[in-house]
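Enquirer: Could you look at this predicted model? Sequence included:
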Amino acid sequence: MSKINDALVSCVKEMNEAEYVINALLLHEYRSLLDDEISTKQALLLELIHKHQRMTVREIADQMEVSSSAVSQIIGKLEKMGYVKREINLQNRREIIVQIGPQGVTYFAKQDKVEREIIERFYAKMEFEEVQQLLQLTLKLKEIVEQELSRT
């Protein structure tokens, strides 16, 4: 690894600390509006299904890098709470298709409401050009991380 500049290290550490504080403050402020009833793994699974609309148990297991049986257990709990619904794939009866259920729809509506309130309360106080710069820099960093990690 190349020798990195102390100023760069200091800058990145300060930026990471600021991001941590922002996230902690926002979590504290909006915790009551968010759903405490589900675990982190359950939330991750819900995010995947929400993003893809409908997925098979195998697809979810591959994305989460866990076994199908582990995914089935998580889905079972989420289904009991109404966050997801399962159905048999009529084209391949051995496959189970998972979709967002009524509680899942409510969960994402709450998330959207919180996100919009955060934008209105905080981001709207910045110049739009600053928000665009922040987006561009964040996307650039994401691209660098993805490229570097894909090489390993």
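Expert: Yep, that arrived.

Enquirer: now for the helix or strand where Ala24 lies, which elements pack on it?
Expert: Counting by DSSP states H and E, the element that carries Ala24 is helix 6-30. Applying 3 or more C-beta pairs under 8 Å, 6 or more residues apart in numbering; DSSP states H and E, one finds that helix 6-30 contacts helix 102-121. Bear in mind the C-beta positions are built from the backbone N, C-alpha and C, glycine included.

Enquirer: Next up, the contacts around Thr152.
Expert: Not one residue lies near Thr152 by C-beta atoms under 8 Å, 6 or more residues apart in numbering.

Enquirer: Over to Gly101?
Expert: With C-beta under 8 Å, 6+ apart, Gly101 has these contacts: 78-79, 82-85.

Enquirer: Same check on Ile88?
Expert: Contacts of Ile88 (C-beta under 8 Å, 6+ apart): 95-97.

Enquirer: Now the residues you listed in a markdown table, please, with extra columns for distance to Ala7, secondary structure and neighbour count.
Expert: Listed next are the contacts of Ile88 as a markdown table, based on distance: C-beta to C-beta, whole Å; DSSP: H, G, I helix; E, B strand; the rest coil; neighbours: other C-beta atoms under 10 Å:
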| residue | distance to Ala7 | secondary structure | neighbour count |
| --- | --- | --- | --- |
| Glu95 | 54 | coil | 14 |
| Ile96 | 53 | strand | 19 |
| Ile97 | 52 | strand | 18 |
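
Enquirer: Save those as JSON lines, and put in distance to Tyr123 too.
Expert: Shown next, in JSON lines, are these (distance: C-beta to C-beta, whole Å):
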{"residue": "Glu95", "distance to Tyr123": "41"}
{"residue": "Ile96", "distance to Tyr123": "40"}
{"residue": "Ile97", "distance to Tyr123": "37"}
